[in-house]
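In: Model the structure of this input:
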Amino acid sequence: MLNENRRRFLAYFSGIGLGSSLLPGVLWAEMQQEEAAPRVTDEMLRNALAISGLTFSDEDRKAMLQGANRSLTSFEEVRKLEIPNDVAPPFYFSPMVPGMKVNRTREPLRFSAPVVKRPANLEDAAFWPVVQLAQLIKTKQVTSVELTEMYLGRLHKYNPKLNCVVTFLDDVALAQAKKADAEIAAGKYKGPLHGIPWGAKDIIAVKGYKTTWGSGAYKDQMIDSDASVVEMLRDAGAVLLAKLTSGELAQGDQWFGGRTNNPWDITQGSSGSSAGPGSATAGGCVAFAIGTETSGSILSPSGRCGVTGLRPTFGRISRHGVMALSWTQDRLGPMCRYAEDCALVMSVIAKPDGQDLSVSEIPFNWNAHLDIHKLRVGYLKDGFEEVRDAAQKAMNDKAIAQVQGLGFKLVPVKMPDWTVDGSSYGVESAVFFDEMIRTGRDKQLTNPGRASGFRSARVIPAVEYLQSQRARTMMMMKLAEATADVDVYLVPANNGGGGGGRGRGADGAGRGRGGDPNQARRSAIQRHFAMANTACYPAINVVHGFTDTGTPGSFTFYARPFGEAELLAVAKAYQDATGFHLKHPTLT
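Out: Down below sits the predicted model:
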């Protein structure tokens with residue numbers, strides 16, 4: 001009870017803008033000197049004010065005393081409620097800013113239809129893009145059951161090395177595959193994902209099976225419903241093979257079962273937090289996977305594992321039934337081997353579901369035959385110029401030349417000067433894991449240090465949080481102005497952490513306030529990543545070469561909000577011209 005009273009007490013001072021000062025802690029210590037300490041007294045308040053270097057009038061102190069004592073009981077009713085993790089406040093973030101235009105006219109979807117022939121050994125197709133696997137099924141050269149059994153066999157065979165699976169769903173997968181084959185045989189083909197095996201990051205709920213969030217504190221958790229993305233993919237005929245690993249509470253590649261590994265070099269972690277989706281997709285153990293990102297958790301493992309991972313615009317895909325960290329930054333996205341594969345998945349899941357009210361009605365208009373030369377393509381000039389590693393610079397220079405070789409005259413993009421951090425992660429994650437902290441469940445975490453940010457965020461005053469979000473809007477307007485002359489632009493891998501390179505992809509790692517006090521000293525690459533991520537711009541990781549050790553290098557294409565179709569079209573053209581996405585690791 002003492003700790004509960006202390007939390008309520010400190011919350012009062014946070015609410016009046018003094019949460020980050022010395023005053024609340026000093027005053028609480030004063031109270032503990034009293035034998036019973038049922039109330040804050042004027043003497044305690046004056047002593048605490050003196051130590052904190054603050055002065056208030058007698059009238060102000062009287063009001064503070066009344067408020068502090070009321071705060072010891074005022075939050076009890078709210079804390080009696082059981083609020084599920086995926087219940088968000090009734091206000092919704094938009095990545096759009098005044099003056100920004102998007103195409104709101106729904107157009108027909110146009111996919112590629114490559115001519116394919118079944119290989120003598122079906123496992124030779126394990127690394128094929130989904131667009132090719134879909135043609136094998138559509139032309140009835142292979143059944144969904146055959147494809148499912150092949151991928152399940154690889155998952156079971158290579159999981160001991162990759163450590164990418166939390167829960168195998170063999171029975172579910174085979175039942176769904178048999179149903180897909182029966183529907184296709186009856187002439188009821190649903191589209192290019194019909195019969196295609198996939199994997200879900202294990203913060204995505206699947207009814208009847210554990211959803212562990214990668215954490216020892218939740219390793220036996222059962223959620224009695226399917227996430228919307230699971231329902232949508234099942235309705236499209238896709239076959240769910242497994243729940244794939246997530247770094248604990250969507251951070252990094254460490255989970256309660258150990259570390260998930262990179263198929264290109266199993267002595268190296270896969271990065272995270274979409275660790276399992278990155279590893280399993282790169283290892284040819286699923287045709288595609290669904291990952292999630294708050295700050296680098298799709299782009300970073302995609303860069304590490306050489307996967308074509310799409311982080312969509314905020315508001316593209318429903319997060320219903322998915323563990324929440326930030327209701328204004330969390331996004332789901334496809335992790336595939338080819339840009340058009342991402343488009344196939346987006347065509348199924350990028351739509352409102354009536355559950356996540358942040359999801360937009362703006363249509364995803366994919367056209368595999370889009371004339372990309374009508375698009376304006378740019379590059380983060382300052383970012384490329386600051387890369388010092390000779391091997392990485394050589395790959396980057398070659399990649400820029402290859403993009404120019406597609407017929408683009410690259411427009412330099414310069415990031416605006418901006419030093420104020422507008423990340424919402426710190427406060428919002430503390431909200432979603434408030435009960436875990438208050439009940440002491442954080443002691444069951446595989447890494448108890450994961451909870452430190454959730455605690456420290458409690459002393460951020462509500463006024464300061466909301467002011468930071470107003471500053472976020474100002475930053476978004478500046479970023480929109482800086483990118484107004486391009487539809488798609490190219491950015492180097494962010495090796496500093498998160499976002500398309502070899503960073504941790506540790507959503508919010510170590511950030512109680514959700515920001516970096518040294519933001520003004522960040523590199524252009526890091527500043528861009530922070531700004532584009534907080535503004536919720538879409539991005540896709542693309543392999544652009546290989547190191548001397550044989551591991552993939554990558555860069556990231558970005559687009560303005562809701563520009564995924566154009567983003568994917570440019571990425572597809574680059575992949576078609578270079579073929580880097582066709583190379584895959586050799587697992588034994």
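
In: And the longest helix anywhere in the chain, what does it pack against?
Out: Longest helix in the chain, counting residues (DSSP state H): helix 462-482. Judged by 3 or more CB pairs under 8 Å, 6 or more residues apart in numbering; DSSP states H and E, the packing partners of helix 462-482 are helix 524-534. Every C-beta, even on glycine, is put in place using the N, C-alpha and C of the backbone.

In: and the following helix or strand past the helix it packs on, what's its mean pLDDT?
Out: On the C-terminal side of helix 524-534, the nearest following helix or strand under DSSP states H and E is strand 539-546. Strand 539-546 shows a mean pLDDT of 97.

In: Could you give the separation of strand 539-546 from the chain centroid?
Out: Averaging C-alpha positions (CA atoms, centre = their mean, to the nearest Å) puts strand 539-546 17 Å from its chain's average.

In: cool, and stretch 529-548?
Out: 12 Å.

In: Kindly report the same for stretch 387-399.
Out: 27 Å.

In: Just the C-alphas of it, formatted as CSV.
Out: What follows is stretch 387-399, C-alpha atoms only, in CSV (Å, rounded to 0.1, in the frame of the first residue of the first chain):
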residue,chain,number,x,y,z
VAL,A,387,29.1,7.7,-44.8
ARG,A,388,32.7,7.1,-44.0
ASP,A,389,33.1,3.3,-44.2
ALA,A,390,34.8,2.6,-47.5
ALA,A,391,33.0,-0.6,-48.4
GLN,A,392,29.6,0.8,-47.5
LYS,A,393,30.3,4.0,-49.4
ALA,A,394,31.2,2.0,-52.5
MET,A,395,28.0,0.0,-52.3
ASN,A,396,26.0,3.2,-51.8
ASP,A,397,27.7,5.0,-54.7
LYS,A,398,27.0,2.0,-57.0
ALA,A,399,23.4,1.9,-55.8
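
In: For it, list every residue counted as buried.
Out: Val387, Gln392, Met395, Asn396, Ala399 (16 or more other CB atoms under 10 Å).

In: for stretch 541-557, same thing?
Out: Asn541, Val542, Val543, His544, Gly545, Thr551, Pro552, Gly553, Ser554, Phe555, Thr556, Phe557.

In: what residues are up against the second one?
Out: When contacts are counted by CB atoms under 8 Å, 6 or more residues apart in numbering, Val542 touches Thr308, Ala339, Ser554, Phe555, Thr556, Phe557, Ala571, Tyr574, Gln575, Phe580, His581.

In: and if we set it to 6 Å?
Out: Ala571 (CB atoms under 6 Å, 6 or more residues apart in numbering).

In: Could you give the bridge partners of it?
Out: Phe555 (DSSP bridges).

In: and the residue nearest the centre of the chain, how far is that from Asp226?
Out: Closest residue to the average C-alpha location of the chain: Glu293 at 0.2 Å, with CA atoms, centre = their mean. Computed as CB to CB, to the nearest Å, the Glu293 to Asp226 distance reads 21 Å.

In: likewise Gly545?
Out: 40 Å.

In: again with Ala324
Out: 16 Å.

In: so where do the helices sit in the stretch 101-250 of the chain?
Out: 130-138, 144-162, 170-185, 228-235 (DSSP state H, counting those that start in this stretch).

In: out of these, which comes closest to Asp421?
Out: With CB to CB as the measure, helix 228-235 is the member of the helices of the stretch 101-250 of the chain nearest Asp421 (30.1 Å).

In: what comes up buried for the closest one?
Out: Ser228, Val229, Val230, Glu231, Met232, Leu233, Arg234.

In: how about TSV for the residues you listed, with distance to Pro585 and pLDDT added?
Out: Shown next, in TSV, are the buried residues of helix 228-235 (distance: CB to CB, whole Å; pLDDT from 0 to 100):
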residue	distance to Pro585	pLDDT
Ser228	32	98
Val229	27	98
Val230	28	98
Glu231	32	98
Met232	30	98
Leu233	26	98
Arg234	30	98
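
In: can you redo those residues as CSV with distance to Gly383?
Out: Putting the buried residues of helix 228-235 into CSV (distance: CB to CB, whole Å) gives the following:
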residue, distance to Gly383
Ser228, 36
Val229, 32
Val230, 37
Glu231, 39
Met232, 36
Leu233, 35
Arg234, 41
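
In: Please identify which helix or strand holds Ile290.
Out: strand 288-293.

In: just checking, next helix/strand downstream of that strand?
Out: By DSSP H and E, the next helix or strand past strand 288-293 is helix 299-305.

In: who does that next one touch, helix- and strand-wise?
Out: Helix 299-305 makes packing contacts with helix 275-282, strand 539-546 when contacts are defined by 3 or more CB pairs under 6 Å, 6 or more residues apart in numbering; DSSP states H and E.

In: hmm, 8 Å instead?
Out: helix 275-282, strand 308-311, strand 539-546, strand 552-559.

In: Restricting to C-alpha, output it in CSV.
Out: The C-alpha atoms that make up helix 299-305 are tabulated as CSV, following Å, rounded to 0.1, in the frame of the first residue of the first chain:
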residue,chain,number,x,y,z
LEU,A,299,13.3,-1.9,-41.3
SER,A,300,16.2,-3.0,-39.0
PRO,A,301,15.8,-6.8,-39.2
SER,A,302,15.0,-6.4,-42.9
GLY,A,303,18.4,-4.7,-43.3
ARG,A,304,20.2,-7.3,-41.2
CYS,A,305,18.6,-10.3,-42.8
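
In: Centre of the chain to it, how far?
Out: 12 Å.

In: Also stretch 82-91?
Out: Using CA atoms, centre = their mean, the offset of stretch 82-91 from its chain centre is 19 Å.

In: ends of it, how far apart?
Out: 20 Å (CA to CA, to the nearest Å).

In: next one: stretch 253-264
Out: Start-to-end, stretch 253-264 (CA to CA) is 15 Å.

In: hang on, the earlier thing: between the helices of the stretch 101-250 of the chain, which one is closest to Ala205.
Out: Closest among the helices of the stretch 101-250 of the chain, using CB to CB: helix 228-235, at 7.2 Å.

In: Can you list the neighbours in contact with that closest one?
Out: 176, 190, 193, 198, 200, 204-206, 226, 240, 290, 317-322, 332, 345, 348-349, 351, 353, 355-356.

In: same thing but at 6 Å, please
Out: With CB under 6 Å, 6+ apart, helix 228-235 has contacts from Val206, Ile290, Ser318, His320, Gly321, Leu332, Val348, Ile349, Asp353, Gln355.

In: Mind checking which of these are in strands?
Out: Mapping the contacts of helix 228-235 onto strands (DSSP state E) picks out Ile290, Leu332.

In: quick one: which of the contacts of helix 228-235 is nearest Gly257?
Out: Closest to Gly257, out of all of these and judged by CB to CB, is Val206, at 17.6 Å.

In: Could you list which residues are in contact with that closest one?
Out: Contacts of Val206 by CB under 6 Å, 6+ apart are Val230.

In: Right, I'll call it a day here.
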